[in-house]
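# Fold the following for me, if possible:
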Amino acid sequence: MEKVFTTIILVTTVQALIYTGIFIAVKNNRSLKLLGLFMFVYIGTNLQWIFKDNVKYLPTTFSYLVVPLFYLYIRSILGIARKRDLWHLVPAAVEFLGLLPMLLSPGLGDAFYHSGKYNTFIIIFLVYIPPVYNLLYTGLSLLALKKCRKSISLLYTDVEKQRLNWLYVTCIIFATLYGLNLITSTALLTTSLDSYIYLYESVASAFIVYWTSVYGLNQKNLMLGDSRTETDNTAETGKVYVQGEAPPGESYEQKHREIIAFFEKTKIYTNKEISLFMVADLLQMPYKEVSKSINLVARKNFNQFVNEFRVKEAKELIKSDRLDQFTLTALAEEGGFNSRSTFFFSVQIY
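This next block holds a predicted model:
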């Protein structure tokens, strides 16, 4: 069992360090730099274990930093990060500065951990509170993702929703890891059960590092910060109505005609990466104007508007002589859909 632990820890640590460098090296991308820092922090305890015989009291536990840093990454990619969010890092800074003197003077570490005078402090602040603290931030991360789902539908297509799924999975794994950590801290477990829990924690940690490495590079930054106020009055159907807004005037109807003409001419809806910001940039029109024109005249959000064009495209292909060339999956992709399930659902609506 020990060889398994050793192998998993070493492989996980090497991969995390490689991608830490890759993510941080990317220019003009704060989200990836945060993710790179998260990768390094996440394997902090691995570094302690690897260098335990050479460096005493290496202050890389980061008990109060792992999930808060991931939470800041989520806020960054959603476009809702603010400078004041840095206060979330204060407890981690206090922990690091408190442990740093022990690295510089190991005698202080011996007195702190082995004298018995500080046992209560150690149990409360270094054993019991960290898993609860990280579980709290796991909940905040899930809440941030949930709150922004409607905004994503108004500005992007279903592809971007699906791209966020890896963040949900990671948060769920965090919840199980820190839940088990809390159990092992408070319960007396048999050696056998304890070993299996540590094995699960090692495998889950390796999975998070691999998962983050694969999906982190492909995750797009979303710009939801300025759009949150526009979605406060979103109905359950996903249609947007601006409170106190009069029926769409001639200017919005004209803009709506321009948007439709642009879609029909360029067939931009077949691009799976399409977003409200992309359309607005190509039309040289403020994205809020594009959004309002679609909302007020078509009475649809951006995702619904795009999918309606995609369904029409698929229907035209079905009527054409090229039908025999396509499977259902290929037909969906030709129309711009990311999956057959989204295609079938949209066909039923439109």
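# low pLDDT regions in the protein?
Where the chain drops to pLDDT under 70, the residues are 1, 153, 187-192, 225-250, 320-335, 337-350.
# Would you mark the buried spots in the helix or strand hosting Ser31?
Applying DSSP states H and E as the criterion places Ser31 in helix 30-42. Using 16 or more other C-beta atoms under 10 Å as the test for burial, helix 30-42 gives Ser31, Leu32, Lys33, Leu34, Leu35, Gly36, Leu37, Phe38, Met39, Phe40, Val41, Tyr42. Where you see a C-beta, it was placed from the backbone N, CA and C, and this is true even at glycine.
# Need the residues that contact it.
Residues outside helix 30-42 that contact it (C-beta atoms under 8 Å, 6 or more residues apart in numbering) are 16-17, 19-24, 26, 60, 62, 65-66, 69-70, 72-73, 76-77, 81, 205, 208-209, 212-213, 216-217, 219, 221.
# and what of stretch 69-86?
With C-beta under 8 Å, 6+ apart, stretch 69-86 has contacts from 30-31, 34-35, 37-38, 41, 88-89, 92, 137, 140-141, 144-145, 148, 167, 170, 174, 219-226, 228.
# picking up where we left off before, PyMOL command for the buried members of the contacts of helix 30-42?
The following PyMOL line selects those of the contacts of helix 30-42 that are buried, judged by 16+ other C-beta under 10 Å:
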select buried, resi 16+17+19+20+22+23+24+60+62+65+66+69+70+72+73+76+77+81+205+208+209+212+213+216+219
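# Which members of the contacts of helix 30-42 are positioned in helices?
Those of the contacts of helix 30-42 mapping onto helices are 16-17, 19-24, 66, 69-70, 72-73, 76-77, 205, 208-209, 212-213, 216, per DSSP state H.
# Hmm, Val297 and Glu253 touching each other?
Yes. Assessed by C-beta atoms under 8 Å, Glu253 is found in contact with Val297 at 5.7 Å.
# How far does stretch 103-118 sit from its chain's centre?
Relative to the centre of its chain, stretch 103-118 is centred 39 Å away, using C-alpha atoms, centre = their mean, to the nearest Å.
# Outside of it itself, list whatever touches it.
So stretch 103-118 is contacted by Val55, Lys56, Tyr57, Leu58, Pro59, Pro101, Met102, Ile122 (C-beta under 8 Å, 6+ apart).
# care to break the chain down by domain?
Following automatic domain parsing, one finds the domains of the chain at 2-216, 233-349.
# Shouldn't Ile318 be within a strand?
No. Counting by DSSP: H, G, I helix; E, B strand; the rest coil, Ile318 falls outside a strand, being helix.
# residues contacting Gly21?
Gly36.
# quick revisit: any chance of the buried residues of helix 30-42 in CSV, with distance to Thr6 too?
As requested, the buried residues of helix 30-42 are exported to CSV (distance: C-beta to C-beta, whole Å):
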residue, distance to Thr6
Ser31, 33
Leu32, 30
Lys33, 31
Leu34, 30
Leu35, 27
Gly36, 25
Leu37, 26
Phe38, 24
Met39, 20
Phe40, 20
Val41, 22
Tyr42, 18
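# Pick the one among these closest to Arg257.
Ser31 (36.7 Å; C-beta to C-beta).
# Now that closest one: closest residue in space, sequence neighbours ignored.
For Ser31, ignoring the flanking residues on the chain, the nearest one in space by C-beta to C-beta, 6 or more residues apart in numbering is Ser76 at 4.3 Å.
# Glu253 and Val297: which has the busier surroundings?
Val297 (19 against 14; other C-beta atoms under 10 Å).
# Convert the C-alpha atoms of the helix holding Ser31 to PDB, please.
C-alpha atoms of helix 30-42 as PDB (Å, rounded to 0.1, in the frame of the first residue of the first chain):
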ATOM      1  CA  ARG A  30      -5.400  36.300 -14.700                       C
ATOM      2  CA  SER A  31      -7.700  33.300 -14.400                       C
ATOM      3  CA  LEU A  32      -5.000  30.800 -15.600                       C
ATOM      4  CA  LYS A  33      -2.500  32.400 -13.300                       C
ATOM      5  CA  LEU A  34      -4.900  31.800 -10.400                       C
ATOM      6  CA  LEU A  35      -5.400  28.200 -11.500                       C
ATOM      7  CA  GLY A  36      -1.600  27.700 -11.700                       C
ATOM      8  CA  LEU A  37      -1.300  29.000  -8.200                       C
ATOM      9  CA  PHE A  38      -4.100  26.700  -7.100                       C
ATOM     10  CA  MET A  39      -2.300  23.700  -8.600                       C
ATOM     11  CA  PHE A  40       0.900  24.500  -6.600                       C
ATOM     12  CA  VAL A  41      -1.000  25.100  -3.400                       C
ATOM     13  CA  TYR A  42      -3.000  21.900  -3.800                       C
END
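# how big is the angle separating that helix from helix 66-77?
170 degrees (axes from the mean of the first three to the mean of the last three C-alpha atoms, to 10 degrees).
# Could you list every helix and strand in contact with the helix or strand following helix 30-42?
Downstream of helix 30-42, the first helix or strand assigned by DSSP H and E is helix 44-50. In terms of contacts (3 or more C-beta pairs under 8 Å, 6 or more residues apart in numbering; DSSP states H and E), helix 44-50 is packed against helix 2-25.
# Relative to the whole chain's centre, how far out is the helix it packs on?
For helix 2-25, the distance to the chain centre is 21 Å (C-alpha atoms, centre = their mean).
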